[in-house]
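Engineer: I'll drop the sequence and a predicted model, then ask my questions.
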Amino acid sequence: MTVIDMAPQEQLDSDSQRVADLVEELLSEFPPATTHYKVFLGAQFDKGLAWVHFPVGNGGLGLSPRLQKLINERVFGAGGPSCNNRNPIGYGMCGPTVMTWGTDEQRAKYLRPLFACEEIWCQLFSEPGSGSDFAGLSSRGVKDGEEWVVNGQKVWTTLAHLSKRGLLVVRTDPEAVKHAGLTAFVVDMEAEGVEIRPLYQITGEAEFNEVYFTDAKVPDAEMLGKPGDGWRVSLTTLMNERVSIGGVIPQRGTGPIGDIVKLFQALPPEAQNPATRDELMQLWIRSELFRLTNIRASQSRKMGDPGPEGSISKLAMAELYKDIYAFAVDLLGADGMLFPRGYKMIRPDHAMFSATPQQAFLRSRANSIEGGTSEVMRNILGERVLGLPGDVRVDRDVAWSKVPRN
């Protein structure tokens with residue numbers, strides 16, 4: 001029998017129909033209105049509709065990542081739940097990292113509970129003494145038989161207070177250069193020796209945390225990659241993080257810019273003056289450019305680790321959202337100085353959510369810090385995208401133990 005290869009578009013059309021049929025099957029067997037979200041998400045994983053480009057058995061079908069948009073639109077349109085909303089660090093960052101660096105046993109153990117939101121995940125990277133200089137971190141992991149004993153402190157750990165698992169990077173070889181002496185692990189956030197303390201933000205919420213490790217024991221089997229692979233593992237996580245934070249593709253006129261348009265339309269006629277309207281339209285144009293750029297990037301992104309281009313979206317998003325919500329507070333006039341929900345010190349069950357323009361104005365300050373500061377993003381774009389010469393790094397070939405620190 002002669003086999004005729006289908007053209008790429010024909011193959012994509014065939015795959016699209018296959019995915020559409022599976023989505024309809026999912027919605028029919030597990031109606032979102034009457035199915036608990038964990039059960040629904042578990043079934044979505046089992047049908048290969050979690051990360052459609054992952055291999056069969058790992059929540060995917062080995063198909064083009066472009067088909068995930070089709071899945072999400074149909075599932076969310078039918079009122080289905082979103083793993084990304086409930087487990088954003090796990091879905092957007094830790095899951096892809098486990099897929100790339102984990103063993104078959106680790107993928108089988110972690111990916112389904114992660115996607116079904118049975119286990120919330122966090123990311124344990126930043127430290128008080130090495131925020132932007134991630135490779136300079138000082139938390140230590142010392143081998144002790146079949147375990148690693150971990151001591152140190154992490155900060156800005158989103159949703160750590162809700163997390164069952166964490167993606168942890170520690171220094172396991174202080175005599176190697178700082179980028180080479182790091183190792184990544186999956187850590188049980190409920191284990192003995194792991195302490196989580198809230199970090200309250202200017203919104204009054206503590207979606208961030210600081211985490212202390214005091215002689216915490218992590219099994220050797222929980223390592224991602226090999227000893228010394230921690231820097232490369234972290235790059236996988238960070239590139240996915242920047243795509244996850246900055247690569248969201250809302251529908252036209254929705255999201256932050258949609259909220260501000262509604263706010264403007266609610267103003268009295270005398271406040272809708274040409275100057276204010278012009279400022280609004282400039283923000284609308286920037287939002288639309290941002291949305292279209294993300295669509296183009298999503299369509300051209302190949303399977304595998306995302307590259308440094310994700311830093312473009314992350315940087316653009318951070319600066320745009322700050323400008324949008326600053327404009328929103330201006331529109332509110334004196335009401336912009338109020339905080340309607342009250343300044344309650346709470347530990348929320350969500351991340352990056354704002355109920356009012358005033359809260360969003362305060363929360364948007366974090367956009368230019370989390371996932372890599374805007375200054376770091378500009379360095380990455382200059383060096384890795386534009387090919388500009390990098391900063392002088394006098395510690396590049398020096399053992400971490402010999403690098404001066406504060």
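Structural biologist: Ah, there it is. Fair warning: this is a prediction, and the values are worked out from it, not measured in the lab.
Engineer: What residues sit buried inside stretch 376-389?
Structural biologist: When burial is assessed from 16 or more other CB atoms under 10 Å, stretch 376-389 yields the following buried residues: 376-377, 379-381. Every C-beta, even on glycine, is put in place using the N, C-alpha and C of the backbone.
Engineer: Let's see the distance spanning that stretch from one end to the other.
Structural biologist: The first and final residues of stretch 376-389 sit 15 Å from each other (CA to CA, to the nearest Å).
Engineer: where does that stretch sit relative to the chain's centre, distance-wise?
Structural biologist: Mean-position distance between stretch 376-389 and its chain equals 21 Å (CA atoms, centre = their mean, to the nearest Å).
Engineer: same deal with stretch 139-157?
Structural biologist: Chain-centre distance of stretch 139-157: 23 Å, with CA atoms, centre = their mean.
Engineer: still on that earlier bit, which one of the buried residues of stretch 376-389 is nearest to Lys322?
Structural biologist: Within the set of the buried residues of stretch 376-389, Met377 lies nearest Lys322; the separation is 13.7 Å, counting by CB to CB.
Engineer: what's near enough to touch Ser364?
Structural biologist: Contact analysis of Ser364 by CB atoms under 8 Å, 6 or more residues apart in numbering lists 318, 321-322, 324-325, 354.
Engineer: Of these, which belong to strands?
Structural biologist: Among the contacts of Ser364, no member falls in strands (criterion: DSSP state E).
Engineer: want to throw those residues into JSON lines with distance to Ser401?
Structural biologist: Below are these laid out as JSON lines (distance: CB to CB, whole Å):
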{"residue": "Ala318", "distance to Ser401": "35"}
{"residue": "Tyr321", "distance to Ser401": "41"}
{"residue": "Lys322", "distance to Ser401": "39"}
{"residue": "Ile324", "distance to Ser401": "46"}
{"residue": "Tyr325", "distance to Ser401": "44"}
{"residue": "Ser354", "distance to Ser401": "43"}
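Engineer: Tell me which two of the residues you listed sit farthest apart.
Structural biologist: In terms of CB to CB, these reach their longest pairwise distance at Ala318 and Ser354, which sit 14.7 Å apart.
Engineer: Looking at the two, which is more packed in?
Structural biologist: Neighbour tally, Ala318 and Ser354, criterion other CB atoms under 10 Å: the higher count belongs to Ala318, 24 against 18.
Engineer: Which residues are in contact with the more buried one?
Structural biologist: If a contact means CB under 8 Å, 6+ apart, then Ala318 has 246, 364, 367-368, 374, 377 as its contacts.
Engineer: Go again with 10 Å.
Structural biologist: 245-246, 364-374, 377 (CB atoms under 10 Å, 6 or more residues apart in numbering).
Engineer: wait, which of these is closest to Asp278?
Structural biologist: Distances from Asp278 to the contacts of Ala318, taken as CB to CB, are shortest for Ser364 (21.9 Å).
Engineer: Let's see which of the contacts of Ser364 end up in helices.
Structural biologist: Secondary structure assignment (DSSP state H) places 318, 321-322, 324-325 from the contacts of Ser364 within helices.
Engineer: which stretches of the stretch 151-300 of the chain have low pLDDT?
Structural biologist: Counting by pLDDT under 70, the stretch 151-300 of the chain contains low-confidence residues at 240-250, 296-300.
Engineer: Let's verify Ala351: helix, strand, or coil?
Structural biologist: Using DSSP: H, G, I helix; E, B strand; the rest coil, the structure places Ala351 in coil.
Engineer: Not counting sequence-adjacent ones, nearest residue to Val398?
Structural biologist: Here the nearest residue to Val398 in space, its sequence neighbours aside, is Val177; by CB to CB, 6 or more residues apart in numbering that works out to 6.5 Å.
Engineer: Counting neighbours, what do you get for the one you found?
Structural biologist: 17.
Engineer: Next: Asp144.
Structural biologist: The number of residues near Asp144, taken as other CB under 10 Å, comes to 11.
Engineer: Quick check: it vs Asn151, distance?
Structural biologist: 12 Å (CB to CB, to the nearest Å).
Engineer: So for those two, which residues contact both of them?
Structural biologist: Any residue near both Asp144 and Asn151 by CB under 10 Å, 6+ apart counts here, and that gives Asp215.
Engineer: coming back round to it: for the residue nearest to Val398, which residues count as its bridge partners?
Structural biologist: Going by DSSP bridges, Val177 is paired in beta bridges with Ala399.
Engineer: For it, which residues are in contact?
Structural biologist: Residues touching Val177, when contacts are defined by CB under 10 Å, 6+ apart, comprise 135, 231, 395-400, 402-403.
Engineer: which of the residues you listed count as buried?
Structural biologist: Using 16+ other CB under 10 Å as the burial test, the contacts of Val177 include 135, 231, 395, 400 as buried.
Engineer: Show the contacting residues for the last one.
Structural biologist: Taking CB under 10 Å, 6+ apart as the definition of contact, the neighbours of Trp400 are 135-138, 171, 173-182.
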